[in-house]
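[1] please work out how this folds:
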Amino acid sequence: MKEKDIKKRALKAAFPYTVPIMTGFLFLGTAYGIYMNVLGFPAVYPIIMSLTIFAGSMEFVTANLLLGAFDPLNGLILTLMVNARHLFYGISMLDKYKNTGWKKFYLIFGMCDESFSVNLTADIPEDIDKGWFMFFVTLLNHLYWFTGAALGGLFGGLLEFNAEGLEFVMTALLVVIFLNQWMKEKQHYSSLVGVTATILCLVLFGSSDFLIPAMVLILAVLTIFRDPIERAGESQ
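    Next up, the predicted model:
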């Protein structure tokens, strides 16, 4: 099969997985562009930042950093704190990203929460190139966010837009992805570990500090009990 046909088939397979994300990213990206506009930044700022940073939460934070005193060390520490979860995403995707060639670099750069969830859990047909599938999932999600940010930056001054509560769109999407994965699993040990560890850390550390401890605990438990969990899955 020609390379062009391989890409087309992968794009066609990837697009339906990204449609729900498109809805959320266009709204949130537009809200981000409008937010930058309200702060006094020209449209070129959200456009370039959405292309080069592509980390929704951090882009909102960066807007405030740009208005403050120059403090790169604080910016670095804050970025690591906000996006520390991506360290664990990366570990989870080590096997997935093998043998993807040059695409691996873009897959690493563009791995947001939603792309990670889709690429980790999607049932990719055997006749679809997995590397190109994951690449197009990541690229499409990146384009959705960029488009929303560009529209918000360009036309934000002309719109009155109430974005209150809109951040819950992506939370709801991730819940749906989790439930879909739960229904596909033959056994739910990994999911139960994730839910239990998260609730435990939420109780112990509070809503503002639970995320990193929860991910550390999940990683530790799944690493320690990896063999029995895999054997249990194979036996069913």
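
[2] buried set for the host helix or strand of W145?
    According to DSSP states H and E, W145 maps onto helix 130-155. Across helix 130-155, burial judged by 16 or more other C-beta atoms under 10 Å covers 130-142, 144-154. In this view, the C-beta of every residue, glycine as well, is placed from N, C-alpha and C.

[3] please apply the same query to stretch 4-16.
    9-11, 13-14.

[4] could you work out the most separated pair of these?
    Distances among the buried residues of stretch 4-16 were taken as C-beta to C-beta; the most separated pair is R9 and A14, at 9.6 Å.

[5] domains in this protein, by residue range?
    3-178, 185-236 (automatic domain parsing).

[6] mean neighbour count, those: which tops it?
    Of all the domains of the chain, domain 3-178 has the most neighbours on average by mean count of other C-beta atoms under 10 Å, namely a mean of 17.

[7] not counting sequence-adjacent ones, nearest residue to L151?
    T30 (5.3 Å; C-beta to C-beta, 6 or more residues apart in numbering).

[8] which helices and strands sit right next to whichever strand or helix holds the one you found?
    Assigned by DSSP H and E, T30 belongs to helix 3-38. Under the contact criterion of 3 or more C-beta pairs under 8 Å, 6 or more residues apart in numbering; DSSP states H and E, helix 3-38 touches helix 44-52, helix 56-67, helix 113-121, helix 130-155, helix 168-184.

[9] distance to R226 added to those, as JSON lines?
    What follows is those, written out as JSON lines (distance: least, C-beta to C-beta, whole Å):
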{"stretch": "helix 44-52", "distance to R226": "36"}
{"stretch": "helix 56-67", "distance to R226": "30"}
{"stretch": "helix 113-121", "distance to R226": "16"}
{"stretch": "helix 130-155", "distance to R226": "22"}
{"stretch": "helix 168-184", "distance to R226": "18"}
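
[10] let me have the ones you listed in a markdown table, extended by distance to I34 and mean pLDDT.
    Formatted as a markdown table, those follow (distance: least, C-beta to C-beta, whole Å; pLDDT from 0 to 100):
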| stretch | distance to I34 | mean pLDDT |
| --- | --- | --- |
| helix 44-52 | 9 | 94 |
| helix 56-67 | 11 | 83 |
| helix 113-121 | 21 | 90 |
| helix 130-155 | 4 | 95 |
| helix 168-184 | 16 | 68 |
